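Novice: Following is a predicted model, sequence given first.
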Amino acid sequence: MKSYMMQGAKIISTGSAIPFAKVTNEQMSSIVETSDEWIFTRTGIKERRLLTESGKSISDLAIDASIKAIDDISMDPATIDLIILATSSPDDLFGSASKIQDKIGAINAVAFDLTAACSGFVIGLITASQFIFTGTYKNILVVGADALSKWVDWSDRSTCILFGDAAGAVIVQSCNSVFNSILNFHLSTAGNYSDYLSISYEENLQPHPTLNLCQGSFKYISMNGKEVYKFAVSQVPLSITKCLSDINLSTEDVDWLLLHQANERILMAVAEKLCISKDKIISNLSKYGNTSAASIPLALHEAVQSNKIYRNDILVIAGFGAGLTWGTVVMRW
């Protein structure tokens, strides 16, 4: 029987994977009526990576990112207890986390998918921490991976310029509660705005002749960019402020702000509302675009690899997107 004493949780390693194919803004201008200047000034994006390799899937990227996180600390994958895959573009509609479990050799791990689009990694990280806090699991692999290029209408200039494909992974491990790194979190949902960002299902007009059953397929990404921008800029700062104040911290205590990499204007507007210097923003948006659930762990991995984040730094992570959902995690690195 497990002992349900409160434990602490900390991220002990990171990993990421990106596709080989790079698509610049100049190349995008040959697909839709746009330009490098038009895209960059409105989004901060210069290029993105697309999963174009034959036979390659988002699971392959997720597996590569997971292996990097495991190898980073020479961990035996058999010691991983749980795998959470945050994705909205799985290879299999029934889920792809089990493929990761098999390919990385995590023979003792439970594995499941979590669907929350651009908020997925934050929700996955919080879910993992809850399993650890109660003593249920000790080692959890959290992966954020998406290939939204598969669901983009490449004739729609308002969306096709935004998205790229990638995967990022972290390993979260239990620790003495005194050394707990995940200090607080906050999550919210506003389902009445779900139509602002969606990939909806559409039934065919002709039903099955015998069963009178209509089958269909999912459509392309639909987004109300102005409303999503207003939502993010208004709600994300409130979430961060609440998360900090609940543990007697202020924005002055924040060393790094890591937001979902959606649009540079959003990153700057949120930081400005919080009176956080732009020098404290972690961003790789210009290189990858919006990679949905992968954006935060991808940027985190690059920041860790470049030795940007130091021990005991206060890191605020916030995700926001489809649902509409948003959430914040405050960590001491």
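Specialist: Yes, it's here. Values in this document were obtained by computation on a predicted structure and should not be read as measured data. Residues are numbered from 1 along each chain as shown.
Novice: now the residue of the chain most remote from its centre, what's its secondary structure?
Specialist: Going by C-alpha atoms, centre = their mean, the residue of the chain most distant from its centre is Thr210, 43.1 Å out. Assigned with DSSP: H, G, I helix; E, B strand; the rest coil, Thr210 falls in the coil class.
Novice: Surely Ala145 forms part of a strand?
Specialist: Yes: checked against three-state DSSP, Ala145 lies within a strand.
Novice: I'd say it and Ser88 touch.
Specialist: No: counting by C-beta atoms under 8 Å, Ala145 stays clear of Ser88, with 9.6 Å between them. Any C-beta I mention is one placed from the backbone N, CA and C, and that applies to glycine too.
Novice: any common contacting residues for these two?
Specialist: Counting by C-beta atoms under 8 Å, 6 or more residues apart in numbering, the common neighbours of Ala145 and Ser88 are Ala293.
Novice: In terms of packing, which of the two has more residues around it?
Specialist: More neighbours surround Ala145 than the other of Ala145 and Ser88, with 37 against 23 (other C-beta atoms under 10 Å).
Novice: any idea of the mean pLDDT in the host helix or strand of Ala169?
Specialist: Per DSSP states H and E, Ala169 falls inside strand 165-175. In this model, strand 165-175 has a mean pLDDT of 97.
Novice: Check stretch 224-240 too.
Specialist: What stretch 224-240 shows for mean pLDDT is 96.
Novice: which residues touch it?
Specialist: 158, 186, 188, 190, 193, 195-197, 251, 259, 262-263, 265-266, 269-270, 273-274, 316, 318, 320-321, 324, 326-328.
Novice: ok so, going back, what are the C-alpha coordinates of the strand holding Ala169, in CSV please?
Specialist: As requested, the backbone C-alpha atoms of strand 165-175 are provided in CSV (Å, rounded to 0.1, in the frame of the first residue of the first chain):
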residue,chain,number,x,y,z
ASP,A,165,5.7,21.4,-35.5
ALA,A,166,7.9,20.3,-32.6
ALA,A,167,8.1,18.3,-29.3
GLY,A,168,9.5,19.0,-25.9
ALA,A,169,9.8,16.8,-22.8
VAL,A,170,10.6,17.1,-19.1
ILE,A,171,11.1,14.6,-16.4
VAL,A,172,9.4,15.5,-13.1
GLN,A,173,10.7,13.7,-10.0
SER,A,174,9.6,13.5,-6.4
CYS,A,175,11.8,15.2,-3.8
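Novice: how many neighbours does Asn290 have?
Specialist: Applying other C-beta under 10 Å, we find 24 residues neighbouring Asn290.
Novice: Enumerate every residue touching it.
Specialist: Ile45, Cys118, Leu148, Leu162, Phe163, Gly164, His260, Gln261, Ala262, Asn263.
Novice: Go again with 6 Å.
Specialist: Asn290 makes contact with Leu162, Phe163, Ala262, according to C-beta atoms under 6 Å, 6 or more residues apart in numbering.
Novice: before we move on, what about Glu202?
Specialist: Applying C-beta under 6 Å, 6+ apart, we find Glu202 in contact with Gly216, Lys219.
Novice: one more time with 7 Å, if that's ok
Specialist: Gly216, Ser217, Lys219 (C-beta atoms under 7 Å, 6 or more residues apart in numbering).
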